[in-house]
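> Structural data only, the sequence is not supplied:
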DNA sequence: GTTAGCATGTAAGGAGTTACATGATTTT
DNA sequence: AAAATCATGTAACTCCTTACATGCTAAC
């Protein structure tokens, strides 16, 4: 029962929305696309898929990689016993149902306080491509003010305890604060560039807007 | 039963080593000193404390803040039923035993592959003040090469999939990689300054922050 | 005299991992 | 023919959180 993950569930629905996939591939995408932030194992993925099927958001489809099978009819005959799920071991492809799609869009439109917490924010951002602009803005701004709160607390506690702490603890705190400050600046840039993007494409319905080309003039892939 | 936390256990022993404390205070220290990285609730802290007592690494000591109690005898009499742990509600102070101290020092000297993983590294670093220099070096270098591995994987996967990803996913990955690169640079500076050891601090040109105290020759336990 | 903060605990459960178990297909 | 990788799954366990339950004490 359960397996009501939240993050994992959201990511699975989001990835399957782009195209049907089987579990193994799904997991790789999960751990690269959304990679730095979370990694999942089969032990959580497969039960989650089953649960999503039971709720009617996914359907399982057996697959023997149809495209590659057409030329190989002679070979296929030799192990034809396997029936319709011939060839390779019943690779189960999961596909999003209409209800699943609707449910995912509901999730996408949520802007509750959870959405900008550490565990959720990364995955929310990863699917910003399918998210409406106003939701994007609320999530980005929510996260920023969450982080600013955190910074304020850190600064206060640092001011109170500075003298009692040894150098390493201090350095750890300093580095932590710097990281948070850096994320705040990043968010501010993103928010700015969302604001400037307002020119064309004023439709903010939940239509999946692929009309949003660049989140800023950020082109930085060096080394 | 269990409650063999690892991180929480380590942090509790480490904090109690500095001075005895009761649970409530301990939790505050846990969530500020080691703050950005982890936060713990009473629901995990108190059972952990009990478990550590059972293993003989801590002892409980009742405390009614003795200094303030002497003048208040008349009032205390009215609720004298509470017996020897009078006054405020039996505040339980936890103190590290000799065995606990020894055990903590064992933990401090460990340099297994776990120690530089995300969950452990922060808390290990927080207690570097009590850690011997060679262990510090191994942990810092271990973490750095762990992160470099991760960077290599990210770069490879990015090169493979760059065209298929939308702008937000790309931006997420870029920011993630930048964060990891930043931590690598931070580690390299720390490693440098550990190497220079006795030399005193030199600081690289780094305009971002105020002054860098540069954890220098802080005294440590040697073997 | 009531809110806010100090202080300690427990039961239930959520979210995920590890280790195991199995077998097919591709590469060397 | 061995090794690597693809592929799917389950059971047991870990670690931690939430929500609850309780009561003291300081301050407004």
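Arrived safely, thanks for sending. Not measured: the values here are computed from a predicted model. Numbering: from 1, shown residues only, chains lettered A, B, ... in the order given.
> If you count contacts, what does the helix or strand hosting residue A:100 end up packed against?
Under the criterion of DSSP states H and E, residue A:100 resides in helix A:98-108. If you count contacts as 3 or more Cβ pairs under 8 Å, 6 or more residues apart in numbering or on different chains; DSSP states H and E, helix A:98-108 packs onto helix A:7-18. In short, each C-beta sits where N, CA and C put it, glycine included.
> Please repeat the previous calculation with a cut-off of 10 Å.
Packing partners of helix A:98-108 (3 or more Cβ pairs under 10 Å, 6 or more residues apart in numbering or on different chains; DSSP states H and E): helix A:7-18, helix A:42-54, strand A:58-63, strand A:91-96.
> To residue B:147, which of those lies closest?
helix A:7-18 (23.0 Å; Cβ to Cβ).
> So is the next helix-or-strand element following that closest one next to DNA strand D?
Per DSSP H and E, the first helix or strand lying C-terminal to helix A:7-18 is strand A:21-22. Yes. For strand A:21-22 and DNA strand D, the contact criterion (Cβ under 7 Å from any atom of the strand) is met by residue A:22.
> chain center to strand A:21-22, what's the gap?
16 Å (Cα atoms, centre = their mean, to the nearest Å).
> quick one: strands adjacent to it?
Applying DSSP bridges, strand A:21-22 is found paired with strand A:91-96 (antiparallel).
> Compute the inter-axis angle for the helix or strand following the helix holding residue A:100 and helix A:7-18.
Heading C-terminal from helix A:98-108, the first helix or strand you meet, by DSSP H and E, is helix A:118-126. For helix A:118-126 against helix A:7-18, the angle by axes from the mean of the first three to the mean of the last three Cα atoms, to 10 degrees is 10 degrees.
> how about the helix or strand just after helix A:118-126, does it get close to DNA strand C?
Remark: after helix A:118-126, the chain's next helix or strand is helix A:133-161, criterion DSSP H and E. No. Contact of helix A:133-161 with DNA strand C (Cβ under 7 Å from any atom of the strand) is absent, the minimum separation being 12.2 Å.
> how far away is the residue positioned nearest the centre of chain A from residue A:21?
Centroid-nearest residue in chain A, with Cα atoms, centre = their mean: residue A:123, separated by 2.9 Å. Residue A:123 sits 17 Å away from residue A:21, going by Cβ to Cβ, to the nearest Å.
> hang on, the earlier thing: would TSV of the helices and strands packed on helix A:98-108 with mean pLDDT and mean neighbour count be doable?
Formatted as TSV, the helices and strands packed on helix A:98-108 follow (pLDDT from 0 to 100; neighbours: other Cβ atoms under 10 Å in any protein chain shown):
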stretch	mean pLDDT	mean neighbour count
helix A:7-18	95	21
helix A:42-54	95	16
strand A:58-63	88	15
strand A:91-96	94	18
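> got JSON lines for these, with distance to residue B:111 too?
Listed next are the helices and strands packed on helix A:98-108 as JSON lines, based on distance: least, Cβ to Cβ, whole Å:
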{"stretch": "helix A:7-18", "distance to residue B:111": "32"}
{"stretch": "helix A:42-54", "distance to residue B:111": "29"}
{"stretch": "strand A:58-63", "distance to residue B:111": "45"}
{"stretch": "strand A:91-96", "distance to residue B:111": "43"}
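> DNA strand C: which of the ones you listed is closest?
Of all the helices and strands packed on helix A:98-108, it is helix A:42-54 that lies closest to DNA strand C, at 2.2 Å by Cβ to the nearest atom of the strand.
> Check which helices and strands the closest one is in contact with.
helix A:7-18, helix A:23-33, strand A:58-63, strand A:91-96, helix A:98-108.
> so can I have a markdown table of these showing distance to residue B:16?
Supplementary listing: the helices and strands packed on helix A:42-54 in a markdown table, determined by distance: least, Cβ to Cβ, whole Å:
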| stretch | distance to residue B:16 |
| --- | --- |
| helix A:7-18 | 34 |
| helix A:23-33 | 38 |
| strand A:58-63 | 49 |
| strand A:91-96 | 49 |
| helix A:98-108 | 43 |
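> ok, back up a step: need the contact list for the residue nearest to the centre of chain A.
A:6-11, A:14, A:30, A:33-34, A:37-38, A:115, B:172 (Cβ atoms under 10 Å, 6 or more residues apart in numbering or on different chains).
> give me the number of residues near the residue lying closest to residue A:111 once chain neighbours are set aside?
In this structure, residue A:111 finds its nearest non-sequential neighbour in residue A:138, 4.3 Å apart by Cβ to Cβ, 6 or more residues apart in numbering or on different chains. Look at residue A:138: counted by other Cβ atoms under 10 Å in any protein chain shown, it has 16 neighbours.
> Are the helix or strand hosting residue A:193 and chain B in contact anywhere?
Using DSSP H and E, residue A:193 maps to helix A:167-196. Yes. Shown here: helix A:167-196 in contact with chain B (Cβ under 10 Å from any Cβ of the partner chain) through A:167-183, A:186-187, A:190, A:193.
> Quick check: PyMOL command selecting the buried ones in the residues you listed.
Typed into PyMOL, the line below selects the buried ones among those, using 16 or more other Cβ atoms under 10 Å in any protein chain shown:
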select buried, chain A and resi 168+169+170+171+172+173+174+175+176+177+179+181+183+186+187+190
